[in-house]
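>>> here are the coordinates; sequence isn't available:
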């Protein structure tokens, strides 16, 4: 599994001429990195003097961020596997009657993974906002970094969903997916602005 | 070294109660991820039919992106080491006459690392723009993902520079650093908008 290889080997794999792992796996890595930073800020706040009132909420945030970072970690491999199926489907001989159906199914699976990454990205942004607002002020740069990584993971995942949708022909699926993407994009934009506002204020005061 | 440990171990370390690795190392990882994606898009374009005119430029981009991703990879550890020195400096007994100077020097070193990450982030954004514009259209989502990761690495690194500046008392150094940060922020913003425009256009056509 990709997450079991060394960090620099993963980056080598990403940089290699092979199309997988690609942007989808990178987006999952970004979301996992973001959730990890949220966890760290929680740890650096819980039990610290002056943050007694945040403790209860940050314990809950920590618990959820731990779940999300593991989910995102799993999707690093998930996206690569789903994308490899798409590549394999396109290699089926043109005369095979099932080729088109297999390609379309592979594309649908390969769309589901970055869509899940995008949903997780938005949720991590929501948690990053809480830790930016209520977490240890000495770690506010980490809370900000978490939001930026989650935002990049979110929008990177959306690019990957969109490129798959281009080759799909199920108009109902495409329509409903685009509606969800718009909602995720809008929500992400607002959250990023909010976190940036909180972090910038705390860094300048 | 951090980059020699397994990917999931790095994420565990990041999520742990220890303050290092933190947001600075995460920003370096994001930049290395971004540069790796730029390399991949170059590989998936060079030698491909229809991209003969891009080949010369993308070979040059690939060469530079390989250097940048290794530099950023080194800064994953570089930031953690510099930050550990800051933590050690603050642990020096208050009565030690050299404590303040050691802290200030450690902070200056810990500022230099994310500043370098931010500079690399801007340069990767410039390369991501070239591959988004001239690279294989089937990989335009990866070029977009590269820009997003570089942007998040850039702004995350800037947050880390700013939080260190808050505790520093060399006003000349602070002033010149802030001027450079403003320039990097502005340049990054323009590049992100440009790449987003190119990628969104290609994904919708």
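Arrived safely. These numbers were taken from a predicted model, which means no experiment stands behind them.

>>> all contacts plus neighbour counts: C-alpha atoms, from now on.
Fine.

>>> And the residue lying farthest from the centre of chain A, how far from chain B?
Going by CA atoms, centre = their mean, the residue of chain A most distant from its centre is residue A:95, 37.8 Å out. Residue A:95 sits 24 Å away from chain B, going by CA to the nearest CA, to the nearest Å.

>>> sec struct for that residue, please.
Assigned by DSSP: H, G, I helix; E, B strand; the rest coil, the conformation of residue A:95 is coil.

>>> so what does the helix or strand where residue A:61 lies touch, helix or strand wise?
Following DSSP states H and E, the helix or strand that holds residue A:61 is helix A:55-90. When contacts are defined as 3 or more CA pairs under 8 Å, 6 or more residues apart in numbering or on different chains; DSSP states H and E, helix A:55-90 sits against helix A:23-43, helix A:99-134.

>>> buried set for that helix?
Within helix A:55-90, the residues that count as buried by 16 or more other CA atoms under 10 Å in any protein chain shown are A:55, A:58-59, A:61-62, A:64-66, A:68-86, A:89.

>>> what angle do it and helix A:99-134 make?
Following axes from the mean of the first three to the mean of the last three CA atoms, to 10 degrees, one obtains 160 degrees for the angle between helix A:55-90 and helix A:99-134.

>>> mean confidence score for helix A:55-90?
Rounded to a whole number, the mean pLDDT of helix A:55-90 is 96.

>>> just how off-centre is that helix within its chain?
The chain centre lies 7 Å from the centre of helix A:55-90; the measure is CA atoms, centre = their mean, to the nearest Å.

>>> first to last residue in stretch A:43-60, what's the distance?
Chord length of stretch A:43-60, first to last residue, is 12 Å (CA to CA, to the nearest Å).

>>> Would you mind confirming that residue A:194 makes contact with residue A:130?
No: when contacts are counted by CA atoms under 8 Å, residue A:194 is not listed as touching residue A:130 (10.4 Å).

>>> Is stretch A:188-205 positioned near chain B?
Yes: Stretch A:188-205 is in contact with chain B by CA under 8 Å from any CA of the partner chain, via A:203-204.

>>> what comes up buried for that stretch?
A:188, A:191-192, A:194-196, A:198-200, A:202-203.

>>> And residue A:160, which helix or strand is it part of?
Assigned by DSSP H and E, residue A:160 belongs to helix A:140-166.

>>> For the nearest residue to residue A:36 once chain neighbours are set aside, give its distance to residue A:41.
Leaving aside its sequence neighbours, residue A:36 sits nearest to residue B:15 (CA to CA, 6 or more residues apart in numbering or on different chains; 4.1 Å). Per CA to CA, residue B:15 is found 8 Å from residue A:41.

>>> What of residue A:131?
From residue A:131 to residue A:41 the distance is 7 Å (CA to CA).

>>> who does the helix holding residue A:160 touch, helix- and strand-wise?
helix A:23-43, helix A:99-134, helix A:171-203, helix B:23-43, helix B:140-165, helix B:171-203.

>>> hmm, 7 Å instead?
Applying 3 or more CA pairs under 7 Å, 6 or more residues apart in numbering or on different chains; DSSP states H and E, one finds that helix A:140-166 makes contact with helix A:23-43, helix A:99-134, helix A:171-203, helix B:23-43, helix B:140-165.

>>> how about a markdown table for the ones you listed, with distance to residue A:149 and mean pLDDT added?
Converted to a markdown table, those look like this (distance: least, CA to CA, whole Å; pLDDT from 0 to 100):
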| stretch | distance to residue A:149 | mean pLDDT |
| --- | --- | --- |
| helix A:23-43 | 5 | 98 |
| helix A:99-134 | 9 | 97 |
| helix A:171-203 | 10 | 97 |
| helix B:23-43 | 8 | 98 |
| helix B:140-165 | 6 | 98 |
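
>>> Could you export those to a markdown table, including columns for distance to residue B:50?
What follows is the helices and strands packed on helix A:140-166, written out as a markdown table (distance: least, CA to CA, whole Å):
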| stretch | distance to residue B:50 |
| --- | --- |
| helix A:23-43 | 23 |
| helix A:99-134 | 24 |
| helix A:171-203 | 29 |
| helix B:23-43 | 14 |
| helix B:140-165 | 15 |
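
>>> Of these, give the one that comes closest to residue B:180.
Closest approach to residue B:180 among these (CA to CA): helix B:140-165, 10.2 Å.

>>> any idea of the angle the closest one forms with helix A:140-166?
Between helix B:140-165 and helix A:140-166, the angle comes out at 170 degrees (the same axes, to 10 degrees).
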